[in-house]
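[1] Structure for this input, please:
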Amino acid sequence: MRVENVLILALGSLSESTSPAPGYQLAAALAIIDVLKGSGDGGTAARLQILSYDPVYTRLDARILAAHGVVTVPASEIPTGEEWYRRAVVYMPHASVWLNHRYFVRQPGLWIGNSFAVYEAAVAGLRVGEEGGGSDVAAGELDVRNMLEEAGKVMREYERVEWPEEGWGGGAVFNNLVVYARRGGRSESAEEEGGLVEAVGGLKLE
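    Numbers count the residues shown, from 1 in each chain. All right, here's what the predicted structure looks like:
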């Protein structure tokens, strides 16, 4: 699969967060981008469009990301076209089920985010009538179940790769993270796609 676009979401503030998580997550994103630049033909690096959005970004965050070739955009400028996602990698560590669903169902070439099994387990634990429960919980549970069902249908077209835990550090920063690579259909070469999945699956922070 020839990747031309990268979308990074829910990274967190690099300048204001007291947690090291955003830094680890950015390092992972940059490692992924390095893999993408090395997985295609000679013009891949020049063509790669790298966008990022998080409502908590500060001006300093934007400057830090710009130094790494990442363009921060407002929510209104996040691409919506199918063609853009066809050759895109979407990276969103530990975002909400709603955000994961919204971008996974756009069917990007490669999607990196939380395992949907995490959300399924959370929904299974909801109990209407308990403290904080009631009709709002019931409605929310139904909404999430519908999203998970839709995501499950889309998932049939993907190959799942477990995120490599060894060599990353950061404690729970990358737990429950998985890679979903779209099979066949949209890729020009199954060999290229397999190589990209293998490369991402073997990533490590040095």
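[2] Please make it C-alpha for all contacts and neighbour counts, starting now.
    Noted.
[3] any idea where the helices of the protein begin and end?
    If DSSP state H is used as the criterion, the helices of the chain fall at 21-39, 44-47, 59-67, 82-86, 97-104, 116-124, 135-155, 190-201.
[4] so who does Val154 touch?
    The contact partners of Val154, taken as CA atoms under 8 Å, 6 or more residues apart in numbering, are Phe104, Val105, Gln107.
[5] Could you rerun that using 7 Å?
    Residues touching Val154, when contacts are defined by CA atoms under 7 Å, 6 or more residues apart in numbering, comprise Val105.
[6] For the helices of the chain, which has the smallest mean pLDDT value?
    The weakest mean pLDDT among the helices of the chain belongs to helix 190-201, with a mean of 53.
[7] Near the residue nearest to Ser13 when sequence neighbours are not counted, how many other residues are there?
    Sequence neighbours aside, Tyr57 is the residue nearest to Ser13 in space, at 5.3 Å (criterion: CA to CA, 6 or more residues apart in numbering). The local packing count at Tyr57 equals 20, with neighbours defined by other CA atoms under 10 Å.
[8] how close does Tyr57 get to Val71?
    Remark: distance between Tyr57 and Val71 (CA to CA, to the nearest Å) = 12 Å.
[9] quick one: Val90 and Gly113 touch, right?
    No: contact criterion CA atoms under 7 Å: Val90 and Gly113 do not qualify, at 8.1 Å.
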